[in-house]
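Asks: I would like the atomic coordinates for the input below:
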Amino acid sequence: MASINTAKVVFLGLGLISGSLALALKRGGWVGRITAWGPRAPSLERGLALGVIDDYDLDLSRAIAGADVLVIGAPPISTGELLADLPRRLRALNEAPIVTDVASMKGWVIDQMAESYSRFVPGHPIAGSENSGVMAARADLFEGREAILTPDAGTDPQALKWVTAMWESVGSRVTLMSASDHDAALAASSHSPHMLAYALTMALADDTLNPMRHGGGALRDMTRIAASDPVMWRDVALTNKESLIDAMTAVEEQLSLLKELISSGEGEQLERYFSICRSVRRDHDSVLNPFDLSAGAQLPESEGADKGRDAS
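Replies: I've put the predicted structure just below:
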């Protein structure tokens, strides 16, 4: 296996996350060749013009030939379709590169692999933006962010070590967990918040007073991720639906409780509820805003807490 900065890496799909990873590798002194494949030329041409990749190919078998590492950077359902076909293509080429992905759910994606492939290391960087496409790629996107890997008992230890080192080289901290735990945790921490942002935005869009015209920081922060890629979030909702429904049900229960407290005029209990939430949120500032707060800094009392950049 090539060393961590000399490998030939091929991105299958070139968008925000894969493009940012390519830029981050290059910024870190990557000397191996970085190329890409995609079903259509425009995004690949943009990536080449921007210096994100060194070359591209529209033929999948030709693109993956000779690769040391394949990084699947497609939307979730497309990722599953690629994984279903990759082992056959690699067997035909008599090659066995490391394969990893960046999809934000793992169980469904892993299940799409048509046959066992020990050098597949499922992954998910907890980073993103409401902007999409390779034009939005940033070399610093993963600094201070978590990258979750979900190997199983059959995963090649050397492949896992290599993918871990790759994410650490771009500034991420790596966590290992099971695919099922990942999907439940991300349904609560990422997928459900996106659904809430969509629901709030739709409620405001249908309001005859047009409240969006009068929004400030709270509305900006709460609806920012509703501008995320609709295709990706359609795929997330469909492929992690059981965990997502559980997470949304938990939020519905809290909304019902809040409605009861407001309706009954329970001011003391409302204040206690809000105080608990403020403490929980501030306890996690170092994770959610790793670069927005200096050591020991406090958020202003009058400001909304979340200025996070994730749409992951």
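Asks: doesn't residue 142 make contact with residue 171?
Replies: Yes: Residue 171 is within contact range of residue 142, at 5.4 Å (criterion: C-beta atoms under 8 Å). Every C-beta, even on glycine, is put in place using the N, C-alpha and C of the backbone.
Asks: residue ranges for the helices of the stretch 51-200 of the chain, please.
Replies: Secondary structure of the stretch 51-200 of the chain (DSSP state H, counting those that start in this stretch): helices at 60-64, 76-93, 107-111, 157-169, 179-186, 192-205.
Asks: who wins for proximity to residue 126 among the ones you listed?
Replies: With C-beta to C-beta, the closest approach to residue 126 among the helices of the stretch 51-200 of the chain belongs to helix 179-186: 8.0 Å.
Asks: show me what the closest one packs onto, helices and strands only.
Replies: helix 107-111, helix 241-263 (3 or more C-beta pairs under 8 Å, 6 or more residues apart in numbering; DSSP states H and E).
Asks: now do the nearest residue to residue 114 once chain neighbours are set aside, the pLDDT please.
Replies: Ranked by C-beta to C-beta, 6 or more residues apart in numbering and with sequence neighbours excluded, the top spatial neighbour of residue 114 is residue 84, at 4.9 Å. As predicted, residue 84 sits at a pLDDT of 95.
Asks: what's the burial count for residue 84?
Replies: Residue 84 has 14 neighbouring residues, counting by other C-beta atoms under 10 Å.
Asks: for it, give its distance to residue 257.
Replies: Taking C-beta to C-beta, to the nearest Å as the measure, residue 84 falls 43 Å from residue 257.
Asks: deepest-packed of the helices and strands packed on helix 179-186, please.
Replies: helix 107-111 (a mean of 19; mean count of other C-beta atoms under 10 Å).
Asks: same question for that helix, mean pLDDT?
Replies: For helix 107-111, the per-residue pLDDT averages 95.
Asks: show me what that helix is packed up against.
Replies: Counting by 3+ C-beta pairs under 8 Å, 6+ apart, helix 107-111 packs on helix 76-93, helix 179-186.
Asks: tell me which residues of the last one come out buried.
Replies: When you say that, I think you mean helix 179-186. 179, 182, 183, 184, 185, 186 (16 or more other C-beta atoms under 10 Å).
Asks: now, which of those sits nearest residue 128?
Replies: Looking across the buried residues of helix 179-186 and measuring by C-beta to C-beta, the closest to residue 128 is residue 186, at 11.9 Å.
Asks: ok, the closest one to residue 138 distance?
Replies: Residue 186 is 21 Å from residue 138, by C-beta to C-beta.
Asks: can you give me the strands for the stretch 1-150 of the chain?
Replies: Assigned by DSSP state E, counting those that start in this stretch, the strands in the stretch 1-150 of the chain fall at 9-12, 34-37, 55-57, 69-72, 98-101, 120-121, 123-125, 146-149.
Asks: and the ones you listed, which is most packed in?
Replies: strand 9-12 (a mean of 27).
Asks: distance to residue 211 for the helices and strands packed on helix 179-186 - can I get that in TSV?
Replies: Listed next are these as TSV, based on distance: least, C-beta to C-beta, whole Å:
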stretch	distance to residue 211
helix 107-111	36
helix 241-263	18
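Asks: any idea which of those helices gets closest to residue 10?
Replies: Of these, nearest to residue 10 by C-beta to C-beta is helix 107-111, at 18.3 Å.
Asks: tell me what residue 149 is bridged to.
Replies: residue 123, residue 176 (DSSP bridges).
Asks: list the contacts of it.
Replies: 121, 122, 123, 124, 160, 163, 164, 167, 174, 175, 176, 177 (C-beta atoms under 8 Å, 6 or more residues apart in numbering).
Asks: apply 10 Å and report the result again.
Replies: 100, 106, 121-125, 155, 160, 163-164, 167, 174-177, 182 (C-beta atoms under 10 Å, 6 or more residues apart in numbering).
Asks: sorry, back to before: now for the helices and strands packed on helix 107-111, which one comes closest to residue 58?
Replies: Judging those by C-beta to C-beta, what sits closest to residue 58 is helix 76-93, at 14.5 Å.
Asks: thanks again, I'm all set now.
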